[in-house]
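Asker: sequence-free structure coming up:
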Ligand SMILES: [Zn+2]
């Protein structure tokens, strides 16, 4: 859910470079015959994406009998392995800290086609359609396409970094756990929230964040015990509130910020919950 700086590459330049060393002359002619289509469709892509109308991005038929497979090869072979490789590397390096913009947890390890190349072959090498992502997100996302009910946030166009949407709740009991969920604020458009929610669910972000939260709860258990001994529940609350403020200042929607906010507001945790196990196997005595 992180915004990424857009690539400044021209779609037509990338396409021409990729197809320029095609040895099969008739195939090269068919590629060249589609150059204007790739260029005009890519310009329209940018226009529609700018107004977040992703479902209105055109999907023109390829010309001259060029197949979907032929277009996919412009990416898989000509861009990844041959003359287009510099462009591939440039796009790969755009996400900040090399972090996947879809999950913000893993390293970028691949390039995702925001509109899948199997459904939208014309955008196989359009820079604005190519986003550095981790392999998990790339796999989970599959061919999800924004159509009003599904689809993902577009890291080059959607910007929700300053809108609070990620929340956590502490599940009280003999074992403590954390549940994460997205919530729509008044500042967020319905269509944006629909995509955010779809992305959150299909990438199983709750499950991934909850694992990290369990590790953190285990890590801070001794610290909380010390705080309780020095100043009781109030001392724990004060410290958690300070931790939450500090994390919020860096990222209002990180799993850590949501965790510390939820912990700082949970009286059960301050008085006894901090002592509770985070998983059944934590007790090695039995
Ligand atoms: Zn990811």
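Answerer: Here it is on my side, so go on. The model shown is predicted, which means the values in this text are computed figures rather than measured ones.

Asker: can I see the domain layout of this protein?
Answerer: Domain assignment for the chain, taken from automatic domain parsing, gives 11-141, 166-282.

Asker: any chance of these in TSV, with distance to the ion and mean pLDDT too?
Answerer: Placement of C-beta: from N, CA and C, glycine included. Formatted as TSV, the domains of the chain follow (distance: least, C-beta to the ion, whole Å; pLDDT from 0 to 100):
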stretch	distance to the ion	mean pLDDT
domain 11-141	3	97
domain 166-282	7	96
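
Asker: now distance to residue 158 and mean neighbour count too, for those domains, in JSON lines please.
Answerer: Formatted as JSON lines, these follow (distance: least, C-beta to C-beta, whole Å; neighbours: other C-beta atoms under 10 Å):
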{"stretch": "domain 11-141", "distance to residue 158": "7", "mean neighbour count": "18"}
{"stretch": "domain 166-282", "distance to residue 158": "6", "mean neighbour count": "17"}
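
Asker: show me where the stretch 101-250 of the chain has its strands.
Answerer: Here the stretch 101-250 of the chain has its strands, by DSSP state E, counting those that start in this stretch, at 110-113, 130-133, 166-171, 177-182.

Asker: could these be laid out in a markdown table, adding distance to residue 88?
Answerer: A markdown table is the format used below for the strands of the stretch 101-250 of the chain (distance: least, C-beta to C-beta, whole Å):
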| stretch | distance to residue 88 |
| --- | --- |
| strand 110-113 | 7 |
| strand 130-133 | 8 |
| strand 166-171 | 31 |
| strand 177-182 | 32 |
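
Asker: longest single helix anywhere in the protein?
Answerer: helix 205-250 (DSSP state H).

Asker: columns distance to residue 156 on top of the domains of the chain, output as CSV?
Answerer: Putting the domains of the chain into CSV (distance: least, C-beta to C-beta, whole Å) gives the following:
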stretch, distance to residue 156
domain 11-141, 6
domain 166-282, 14
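
Asker: residue contacts, residue 99?
Answerer: 2, 105, 106, 107, 108 (C-beta atoms under 8 Å, 6 or more residues apart in numbering).

Asker: would you mind measuring from the residue nearest to the second one when sequence neighbours are not counted to residue 189?
Answerer: Nearest non-adjacent residue to residue 105, counting by C-beta to C-beta, 6 or more residues apart in numbering: residue 208, 6.0 Å away. Between residue 208 and residue 189 the computed distance is 26 Å (C-beta to C-beta, to the nearest Å).

Asker: and stretch 16-24, how far from the chain's centre?
Answerer: Here stretch 16-24 is found 32 Å from its chain centre; the criterion is C-alpha atoms, centre = their mean, to the nearest Å.

Asker: ignore what I typed, I meant stretch 223-233.
Answerer: Taking mean C-alpha positions (C-alpha atoms, centre = their mean), stretch 223-233 and its chain are 37 Å apart.

Asker: what lies in contact with it?
Answerer: Residues beyond stretch 223-233 that count as contacts (C-beta under 8 Å, 6+ apart) turn out to be 235, 236, 238, 239, 267, 270, 271, 274, 275.

Asker: I'd like the residues you listed as a markdown table, with distance to residue 195 appended.
Answerer: Formatted as a markdown table, these follow (distance: C-beta to C-beta, whole Å):
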| residue | distance to residue 195 |
| --- | --- |
| 235 | 42 |
| 236 | 38 |
| 238 | 38 |
| 239 | 36 |
| 267 | 36 |
| 270 | 37 |
| 271 | 40 |
| 274 | 37 |
| 275 | 40 |
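
Asker: kindly indicate which of those lies nearest residue 260.
Answerer: When the contacts of stretch 223-233 are ranked by distance to residue 260 (C-beta to C-beta), residue 239 comes first, at 9.7 Å.

Asker: excluding chain neighbours, what is closest to the closest one?
Answerer: residue 227 (5.6 Å).

Asker: against residue 242, how distant is the one you found?
Answerer: 11 Å.
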